[in-house]
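Undergrad: build me a model from this:
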Amino acid sequence: ADRTQRPAAGILLLAGTGCSTRFGLPEPASEQGSDIVDLWRVLFLVAMAIGLLVIGLIAWSVVRYRRQAQTQGDGEPPQFRDNVRLELFYTAVPLVIVAVLFGLTVATQRRTTHTEERPDVRVDVTGFQWGWRFHYPEAGVTVVGDSNHPPTLVLPAGRRVGFALASTDVIHSFYVPAFLDKRDVVPGEENRVDVTTTRVGRFSGLCAEFCGLDHARMAFTVDVVPPAEFQAWLAAQQEGRTRPPVPGTAQ
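TA: As a prediction, this is how the structure comes out:
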């Protein structure tokens, strides 16, 4: 009985995943993440349509030509050497599909990689073996953590945050899955990325580039809070007080 139930459960799980309008991606917590989800929807639907078309053509060929055609006098079936219209069709259509998807990808990439000279909030992110340092230069506030005590990055909701990424040793990667974007943190180079937060919550962050022994423990937490609470947190940090944790579970 268990063996017969397992395939059914797998089909239901797959169907439940496919029914999501994000097709497996997490709910974005940033405008840039929403742009990436929109592009993913288009790519997924186009790929699904092409896959169904190919499967349909294969099935039609199997059924339509399941019997051997009547041969000619020399024992060979009828030969078709070319079909110019068909060849032009199956050459032009893929080129159009690729061109459209390429254009949509470039447009999305330009939006998600665009950085402002004066974002609402600036945060200098430094990766090191094996932890993170978050510095708010405009407020003079620094939050530091390590593999035993992961730090918390606090951000205001509905604001554009400009991150300046740097490393003190090896290559790391600044990654918050809810933002659906990541950036490498390269020693000797400064990488920049802007994120416009869209909803309040607690989210998980991590290093997405293998960087050494404690790479798997190089995590951090992102708390996106209302702007007023963010300003109160900055004031508390400037006065040396500790902000109470935000209720919720990292996503």
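
Undergrad: tell me which residue is most central in the protein.
TA: residue 180 (3.3 Å; C-alpha atoms, centre = their mean).

Undergrad: pLDDT score for that residue?
TA: pLDDT, residue 180: 91.

Undergrad: any idea what sits nearest it, other than its immediate chain neighbours?
TA: Using C-beta to C-beta, 6 or more residues apart in numbering and skipping the chain neighbours, the partner closest in space to residue 180 is residue 33 (3.7 Å). C-beta here means a position set from N, CA and C on the backbone, and glycine is covered the same way.

Undergrad: and what about the one you found, helix, strand or coil?
TA: helix (DSSP: H, G, I helix; E, B strand; the rest coil).

Undergrad: so it sits right up against residue 181, yeah?
TA: Yes: the pair residue 33 / residue 181 is scored as a contact, 6.6 Å apart, by C-beta atoms under 8 Å.

Undergrad: re earlier: give the contact list for the residue nearest to residue 180.
TA: Contacts for residue 33 (C-beta atoms under 8 Å, 6 or more residues apart in numbering) come out as 178-181, 198.

Undergrad: part of a helix, is residue 142?
TA: No: per three-state DSSP, residue 142 lies outside any helix segment and is strand.

Undergrad: so what's the residue count around it?
TA: Residues contacting residue 142 under the criterion other C-beta atoms under 10 Å number 14.

Undergrad: gap between it and residue 152?
TA: As for residue 142, its distance to residue 152 is 12 Å (criterion: C-beta to C-beta, to the nearest Å).

Undergrad: now residue 111: which helix or strand?
TA: Assessed by DSSP states H and E, residue 111 sits inside helix 84-113.

Undergrad: next SSE after that helix?
TA: With elements assigned by DSSP H and E, the helix or strand that comes after helix 84-113 is strand 121-128.

Undergrad: and that following strand, how far from the chain's centre?
TA: 20 Å (C-alpha atoms, centre = their mean, to the nearest Å).

Undergrad: packing partners of it?
TA: When contacts are defined as 3 or more C-beta pairs under 8 Å, 6 or more residues apart in numbering; DSSP states H and E, strand 121-128 packs onto strand 131-136, strand 152-156, strand 160-167, strand 172-176, strand 181-185.

Undergrad: show me what counts as buried in that strand.
TA: 121, 123-128 (16 or more other C-beta atoms under 10 Å).
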